[in-house]
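Q: Give me a model of this one.
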Amino acid sequence: MSIPWRSSAAAFEQILDRHGVAAGARTMEAAWAAFEEFVQVPVEGIEGPEDDGDSFIVEWGVWDWTGNRPALSLGRLLAVNEYGDRQDPYWQPLYWKVEFQACFAEDPAWADLHVSGGGDTGFDDAAIGEPRADALAATRRLIDRDPLLSALWRSAPVEIEVTLDRVG
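A: Next up, the predicted model:
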């Protein structure tokens, strides 16, 4: 089963609901399980894997748009190909990001996030299926090995949001 790219945020929210995230079971474990499921769902209207049409990223930090609170973001970047004239030699897809953002209460343990500004795993465009499952497992190992990230991971978010926004 595939989903249209315009419905990707709604599909992700449904998966999050099934994992209990919206109903109050706001743990990063539940959100991650939903994210793993979501990024394995094929999306219609995007470029193929050979053109980096579908990738995922985990980001963390303290930003003004999070109210200067520590945040973790699970994102899926989609290269939408339904705009413009594909025959144009300068044609490029438009990039849209489906994002689950979790904000956390202030805690002295997150002080380093304010100093470093945060970070990310980089975009991973492994193909859906086993390659993507392997890439997700590697990303999770990175999170588990980092003391700051693993501490955030074990904390309960105080606010969550799912968005679909154009990027770039």
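Q: how many neighbours does the nearest residue to Ile143 once chain neighbours are set aside have?
A: Sequence neighbours aside, Leu149 is the residue nearest to Ile143 in space, at 4.7 Å (criterion: CB to CB, 6 or more residues apart in numbering). C-beta coordinates here come from the backbone N, C-alpha and C atoms, glycine included. Around Leu149 there are 19 other residues, counting by other CB atoms under 10 Å.
Q: quick check: longest helix of this structure.
A: If you go by DSSP state H, the chain has its longest helix at helix 130-145.
Q: who are the neighbours of it, in terms of helices and strands?
A: Other helices and strands packing on helix 130-145, by 3 or more CB pairs under 8 Å, 6 or more residues apart in numbering; DSSP states H and E, are helix 28-38, strand 54-62, helix 147-153.
Q: Now do it and strand 54-62, the angle between them.
A: Computed by axes from the mean of the first three to the mean of the last three CA atoms, to 10 degrees, the angle separating helix 130-145 from strand 54-62 equals 10 degrees.
Q: residues touching Ser2, list them.
A: With CB atoms under 8 Å, 6 or more residues apart in numbering as the criterion, the residues that contact Ser2 are 41-44.
Q: circling back: make TSV out of the helices and strands packed on helix 130-145 and add mean pLDDT.
A: Conversion of the helices and strands packed on helix 130-145 to TSV gives the following (pLDDT from 0 to 100):
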stretch	mean pLDDT
helix 28-38	96
strand 54-62	93
helix 147-153	85
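Q: Any idea which of the ones you listed gets closest to Pro108?
A: When these are compared for distance to Pro108 using CB to CB, the nearest one is helix 147-153, at 10.9 Å.
Q: Buried residues, that closest one. List them.
A: Residues of helix 147-153 classed as buried: 148-149, 152-153 (neighbour count, 16 or more other CB atoms under 10 Å).
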